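Asker: Predicted model, plus sequence, below.
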Amino acid sequence: MRKPTISDLARAAGVSVTTVSHAFSGRRHVDPETRKRIHAIAEEIGYHPSSMARALRSGRSGTIALASSMPFAIAAGPSRLGFLMEIAASAAMSALTRQLALCLIPPHPAIRSQGSVAFDGVILVEPMRDDPLVALFEQRKIPVVSIGTVPGRPDIPAVNIRSRETALLLLDHLAQQGCRHVAALVGATPRTSQIEAAEAYRAFVARRGQQATLVALDEEEGEEIAYRETLRLLRADPSIDGIFAAIDAFASGAVRAAHELGLAMPRQLRIATRYDGLRAKLSDPPLTALDLHLPAIAEQAVHLLLDRIEGTGRTVDADLPDLVPRRSSVPD
């Protein structure tokens with residue numbers, strides 16, 4: 001049986017094809033009663049507008065994308081669920097409520113092979129300074145916004161996740177629990193979250209007159225490098241009684257090192273990390289972390305991207321996270 005066409009619907013409704021098109025696209029005014037009648041007849045004859053045709057008329061695909069240059073070692077966690085995937089799931093739900101599809105695309109340079117895939121815009125998750133993904137999408141003239149500001153690119157609209165304030169929340173918590181020598185494990189990649197975490201740590205130790213022990217680690221090695229570096233730090237300086245891990249994979253490595261050295265947590269060593277994901281919850285002991293309110297951040301990012309696609313958009317601040325204290329830093 002032949003599928004009804006837009007011409008069939010126009011004849012049945014006694015209007016022009018253009019009027020039917022506007023009745024479905026909403027791009028031009030159509031009398032409300034006429035629109036209602038067109039939709040009723042469409043339902044009756046089984047007409048459904050072509051999404052491809054709508055895309056051709058509007059110049060849009062109805063698809064937005066989410067991408068990150070973060071290594072898998074830190075972007076994912078147990079069961080392959082982690083920071084990036086939580087944002088992706090929340091952003092997908094937000095897009096769905098706006099009748100948009102969200103596509104999670106692979107990191108650069110694999111994205112180069114996706115040349116035939118059309119996106120209306122892209123949300124980048126914590127891009128680094130001179131991030132190749134930024135250059136790639138700008139070259140393709142695809143609108144970009146970011147979760148986490150882009151270092152050196154104030155012109156790119158972003159959801160500012162307030163990483164400096166977030167780091168200070170954790171550092172102040174460790175101090176309040178009695179830590180006198182807090183070491184910091186941050187990522188060496190120049191992402192705003194890691195740059196601001198290092199700045200917050202330096203300000204924290206300077207304010208308290210404490211010794212600074214700041215180590216920048218290769219994100220590609222994730223938990224393993226944090227495990228090795230924490231072993232080295234604790235063996236070299238037993239006065240370290242607190243560890244601030246700006247990445248949850250680093251916190252997991254620190255916990256492994258503490259267990260190997262026989263250090264009781266939180267009595268001898270306290271550990272806190274930024275992201276309250278599965279790594280934090282499944283750790284032994286469970287890790288003190290922060291509820292970053294990622295669903296709300298993802299919602300802000302989708303809204304910001306739609307503004308960007310329309311030619312507007314500005315950086316907005318996310319709400320401050322909530323501390324989730326657990327046995328890695330506070331006693332039962």
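Answerer: In hand now; what should we look at?

Asker: C-alpha from now on. contacts and neighbour counts both.
Answerer: Fine.

Asker: where in the stretch 1-150 of the chain is pLDDT low?
Answerer: Within the stretch 1-150 of the chain, the ranges that satisfy pLDDT under 70 run 1-2, 25-28, 49-60, 77-81, 106-117.

Asker: Show me where it has its strands.
Answerer: Here the stretch 1-150 of the chain has its strands, by DSSP state E, counting those that start in this stretch, at 63-67, 101-104, 121-125, 144-147.

Asker: From the contact counts, what lies against the first one?
Answerer: Other elements packing on strand 63-67 under the criterion 3 or more C-alpha pairs under 8 Å, 6 or more residues apart in numbering; DSSP states H and E are strand 101-104, strand 121-125.

Asker: Highest mean neighbour count out of those strands?
Answerer: Using mean count of other C-alpha atoms under 10 Å, the stretch among the helices and strands packed on strand 63-67 with the greatest mean number of neighbours is strand 121-125 (a mean of 26).

Asker: Note down every partner strand of that strand and its orientation.
Answerer: Each strand that strand 121-125 pairs with, and the sense of that pairing, follows from DSSP bridges: strand 63-67 (parallel), strand 144-147 (parallel).

Asker: Make CSV out of those and add mean neighbour count and distance to residue 44.
Answerer: Shown next, in CSV, are the strands paired with strand 121-125 (neighbours: other C-alpha atoms under 10 Å; distance: least, C-alpha to C-alpha, whole Å):
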stretch, mean neighbour count, distance to residue 44
strand 63-67, 22, 29
strand 144-147, 27, 41
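
Asker: Export the ones you listed as TSV, with columns for distance to residue 184.
Answerer: Formatted as TSV, the entries for the strands paired with strand 121-125 read as follows, by distance: least, C-alpha to C-alpha, whole Å:
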stretch	distance to residue 184
strand 63-67	28
strand 144-147	23
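
Asker: hang on, the earlier thing: make TSV out of the helices and strands packed on strand 63-67 and add distance to residue 169.
Answerer: Converted to TSV, these look like this (distance: least, C-alpha to C-alpha, whole Å):
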stretch	distance to residue 169
strand 101-104	31
strand 121-125	22
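
Asker: Pull out the buried positions in stretch 5-15.
Answerer: Of the residues in stretch 5-15, those with enough neighbours to count as buried (16 or more other C-alpha atoms under 10 Å) are 5, 6, 9, 10, 13.

Asker: What would it look like as PDB? C-alpha coordinates only.
Answerer: Extracted in PDB, the C-alpha atoms of stretch 5-15 (Å, rounded to 0.1, in the frame of the first residue of the first chain):
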ATOM      1  CA  THR A   5       2.400  12.000   0.500                       C
ATOM      2  CA  ILE A   6       2.300  15.700   1.500                       C
ATOM      3  CA  SER A   7       0.400  16.300  -1.800                       C
ATOM      4  CA  ASP A   8      -2.200  13.800  -0.800                       C
ATOM      5  CA  LEU A   9      -2.700  15.500   2.500                       C
ATOM      6  CA  ALA A  10      -2.900  18.900   0.900                       C
ATOM      7  CA  ARG A  11      -5.600  17.700  -1.400                       C
ATOM      8  CA  ALA A  12      -7.600  16.100   1.400                       C
ATOM      9  CA  ALA A  13      -7.400  19.200   3.500                       C
ATOM     10  CA  GLY A  14      -8.100  21.600   0.600                       C
ATOM     11  CA  VAL A  15      -4.900  23.600   1.200                       C
END
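
Asker: What is the distance between it and the centre of its chain?
Answerer: Counting by C-alpha atoms, centre = their mean, to the nearest Å, stretch 5-15 is centred 45 Å from the centre of its parent chain.

Asker: what's it in contact with?
Answerer: With C-alpha atoms under 8 Å, 6 or more residues apart in numbering as the contact definition, stretch 5-15 has outside contacts at 16, 17, 19, 20, 21, 37, 38, 41, 42, 45, 47, 49.

Asker: Try it again at 10 Å.
Answerer: By C-alpha atoms under 10 Å, 6 or more residues apart in numbering, the list of residues contacting stretch 5-15 from outside reads 16-21, 34-35, 37-50.

Asker: Would you mind checking those for buried ones?
Answerer: Neighbour-count burial (16+ other C-alpha under 10 Å) applied to the contacts of stretch 5-15 gives 17, 19, 20, 21, 34, 35, 38, 39, 42, 47.

Asker: how about those, which pair is most distant?
Answerer: Longest distance between any two of these is 16.3 Å, between 34 and 47; criterion C-alpha to C-alpha.

Asker: ok, which stretches of the stretch 51-200 of the chain are helices?
Answerer: Taking DSSP state H, counting those that start in this stretch, the helices of the stretch 51-200 of the chain run over residues 51-58, 72-75, 83-96, 132-139, 163-176, 192-208.
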